[in-house]
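**Student:** here is a sequence with its predicted model. Questions after.
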Amino acid sequence: MTGVCASVVAVCRDGGHRFSKGVADDGIRLVAGLGVEGDAHSGETVKHRSRVAVDPSQPNLRQVHLIHAELLEELAEKGFTVSAGGLGENILTRGIDLLGLGAGSQLRIGKAVIEITGLRNPCAQIERFQAGLLAAVLDKAADGSLIRKCGVMGIVLHGGAVQVGDSIIVTPPPAGHRPLAPV
């Protein structure tokens, strides 16, 4: 996937711990080692409430949440109405197979670089957002394994501004492809 080019469709942030995030028409700023400036999930240590309750000193592997716009289109075909930021993502992409990336893949967006750490594990909040949505973002592979379609998580290696229309350049990890697991 080296050199694969995709683009940013929307950017979102929210300073509170709400399920959905507001669209940031002025763009977002990624901060190295922290995440999205002004977002509730920004920080060196874990900010997701259920994970903080277990161990607040865990490293934050979920600084940035990315979802592919193609998922929202798939959900619309199934009768769901989900707009940018609706599933809590910071960056909505187009033209990239986020779920097919390997752990450690890097996404360059402008001067910012995000390292993909794993899959978002959809939880009951998705079902409370819209009934039936949890089942719609899960699938089964031919071998019976669970497919989580609700995007990927990453950490910020190099900070910078991210705006709608920015291109995304994918660089696979030098150690080779390792399938993504939930983080």
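**Tutor:** Yep, it's here.

**Student:** for the protein, what helix or strand is lowest in average pLDDT?
**Tutor:** Of all helical and strand segments in the chain, the minimum by mean pLDDT, DSSP states H and E falls on helix 49-54, at a mean of 88.

**Student:** what is the helix or strand following that helix packed up against?
**Tutor:** Proceeding C-terminally, helix 49-54 gives way to strand 64-68 as the next helix or strand, assigned by DSSP states H and E. Contacting strand 64-68 under the criterion 3 or more C-beta pairs under 8 Å, 6 or more residues apart in numbering; DSSP states H and E are the following elements: strand 91-94, strand 152-158. To be clear about C-beta, it is placed using only N, CA and C from the backbone, and glycine gets the same treatment.

**Student:** show me the shaky parts of the chain.
**Tutor:** 1-4 (pLDDT under 70).

**Student:** run the chain-centre distance for stretch 29-46.
**Tutor:** On the basis of C-alpha atoms, centre = their mean, to the nearest Å, stretch 29-46 sits 13 Å off its chain's mean C-alpha point.

**Student:** ok, stretch 11-27 next?
**Tutor:** Using C-alpha atoms, centre = their mean, the offset of stretch 11-27 from its chain centre is 13 Å.

**Student:** same deal with stretch 32-47?
**Tutor:** Worked out by C-alpha atoms, centre = their mean, stretch 32-47 lies 13 Å from the chain centre.

**Student:** kindly check the end-to-end length of it for me.
**Tutor:** Criterion C-alpha to C-alpha, to the nearest Å; first-to-last residue distance in stretch 32-47 is 16 Å.

**Student:** residues contacting it, please?
**Tutor:** Applying C-beta atoms under 8 Å, 6 or more residues apart in numbering, the external contacts of stretch 32-47 come out as 13-18, 21, 28-31, 48, 52, 55-65, 90, 155-159.

**Student:** buried residues in it?
**Tutor:** Using 16 or more other C-beta atoms under 10 Å as the test for burial, stretch 32-47 gives Leu34, Gly35, Val36, Asp39, Ala40, His41, Ser42, Gly43, Val46, Lys47.

**Student:** the closest residue to the fifth one other than its chain neighbours: neighbouring residues, count only.
**Tutor:** With C-beta to C-beta, 6 or more residues apart in numbering as the measure, His17 is the residue that lies nearest to Ala40, at 5.0 Å, once sequence neighbours are left out. Here the count is done by other C-beta atoms under 10 Å, and His17 has 12 residues near it.

**Student:** three-state assignment of His17?
**Tutor:** Recorded secondary structure, His17: coil (DSSP: H, G, I helix; E, B strand; the rest coil).

**Student:** for the helices and strands packed on strand 64-68, which one sits closest to Ala124?
**Tutor:** Closest of the helices and strands packed on strand 64-68 to Ala124 is strand 152-158, at 18.2 Å (criterion: C-beta to C-beta).
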